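*Asks:* this one's structure only:
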């Protein structure tokens with residue numbers, strides 16, 4: 001839940017009521033996430049899920065990378081726009097929770113196009129030669145700046161990169177934050193804004209999405 005949702009729940013309900021319908025498999029996944037995980041707020045959720053789906057459909061990507069699978073909600077939204085011969089690689093390090101996304105990936109129509117890996121994202125990025133059309137990062141915030149540095153060489157002109165939680169409950173407005181995660185998120189936002197190889201905009205959706213497009 002974001003700062004905005006806490007302060008304006010009526011507006012949040014209005015936004016959800018005026019978005020395209022959530023697919024049934026995502027409703028089930030969202031419900032089970034709240035029933036079986038200790039931090040269900042980490043799920044991308046309805047509004048952000050619709051955004052990811054629309055962006056993916058606009059790009060019709062052949063190769064998607066997701067860092068931070070959690071229960072797989074965003075994965076299925078991103079897969080929604082995959083080209084017929086496309087794939088999405090989704091990375092996480094939580095083996096205990098892996099059963100949940102695996103269950104829903106197997107049930108989905110994208111089962112053959114999803115490559116779910118229990119692997120450290122930095123290790124993956126340092127060892128892959130793949131180039132990605134679409135990248136979504138919603139993982140450990142203290143590595144956000146490093147993810148950006150590692151991901152940049154894995155993109156091409158037209159590639160889209162999305163970083164979640166970049167407003168960090170408004171903490172990015174703190175001039176001298178003590179929390180490491182806040183410091184790194186502020187560093188990421190500065191790096192992106194100063195990088196002339198990307199166009200970007202921070203969308204104030206939920207907890208903020210930094211939306212980048214490689215020039």
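*Replies:* Sure, I can see it. Note that the structure is a prediction, hence the values are computed from the model and not measured.
*Asks:* quick check: pLDDT value at the most centrally placed residue in the chain.
*Replies:* For the chain, the residue nearest the mean C-alpha position is residue 136 (3.9 Å; C-alpha atoms, centre = their mean). Predicted confidence (pLDDT) for residue 136: 98.
*Asks:* just checking, what packs against the helix or strand in which it is found?
*Replies:* Using DSSP states H and E, residue 136 sits within strand 134-137. Contact analysis of strand 134-137 by 3 or more C-beta pairs under 8 Å, 6 or more residues apart in numbering; DSSP states H and E lists helix 45-59, strand 63-67, helix 73-79, helix 144-151, strand 160-164 as its packing neighbours. Using the backbone N, CA and C atoms, a C-beta is placed for each residue, glycine as well.
*Asks:* return the helix or strand in the chain with minimum mean pLDDT.
*Replies:* Scoring the helices and strands of the chain by mean pLDDT, DSSP states H and E places helix 3-7 at the bottom, with a mean of 54.
*Asks:* now name the helix or strand holding the residue of the chain positioned farthest from its centre.
*Replies:* Residue farthest from the centre of the chain, counting by C-alpha atoms, centre = their mean, is residue 176 at 26.8 Å. For residue 176, there is no enclosing helix or strand under DSSP H and E.
*Asks:* next, it: phi, psi?
*Replies:* When read as degrees, to the nearest 10, the backbone of residue 176 gives phi -130, psi 70.
*Asks:* distance check, it against residue 21.
*Replies:* Distance, residue 176 to residue 21, by C-beta to C-beta, to the nearest Å: 44 Å.
*Asks:* got it, and residue 122?
*Replies:* Separation of residue 122 from residue 21 (C-beta to C-beta): 37 Å.
*Asks:* shaky segments in the protein?
*Replies:* For the chain, the stretches with pLDDT under 70 are 1-7.
*Asks:* returning to that earlier point: let's have the helices and strands packed on strand 134-137 in JSON lines, adding distance to residue 189.
*Replies:* Putting the helices and strands packed on strand 134-137 into JSON lines (distance: least, C-beta to C-beta, whole Å) gives the following:
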{"stretch": "helix 45-59", "distance to residue 189": "18"}
{"stretch": "strand 63-67", "distance to residue 189": "17"}
{"stretch": "helix 73-79", "distance to residue 189": "20"}
{"stretch": "helix 144-151", "distance to residue 189": "9"}
{"stretch": "strand 160-164", "distance to residue 189": "8"}
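*Asks:* can I get these in TSV with distance to residue 204 and mean neighbour count?
*Replies:* Listed next are these as TSV, based on distance: least, C-beta to C-beta, whole Å; neighbours: other C-beta atoms under 10 Å:
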stretch	distance to residue 204	mean neighbour count
helix 45-59	12	20
strand 63-67	22	26
helix 73-79	18	27
helix 144-151	18	19
strand 160-164	13	24
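*Asks:* out of those, which is closest to residue 180?
*Replies:* Closest to residue 180 of the helices and strands packed on strand 134-137 is helix 144-151 (C-beta to C-beta; 11.0 Å).
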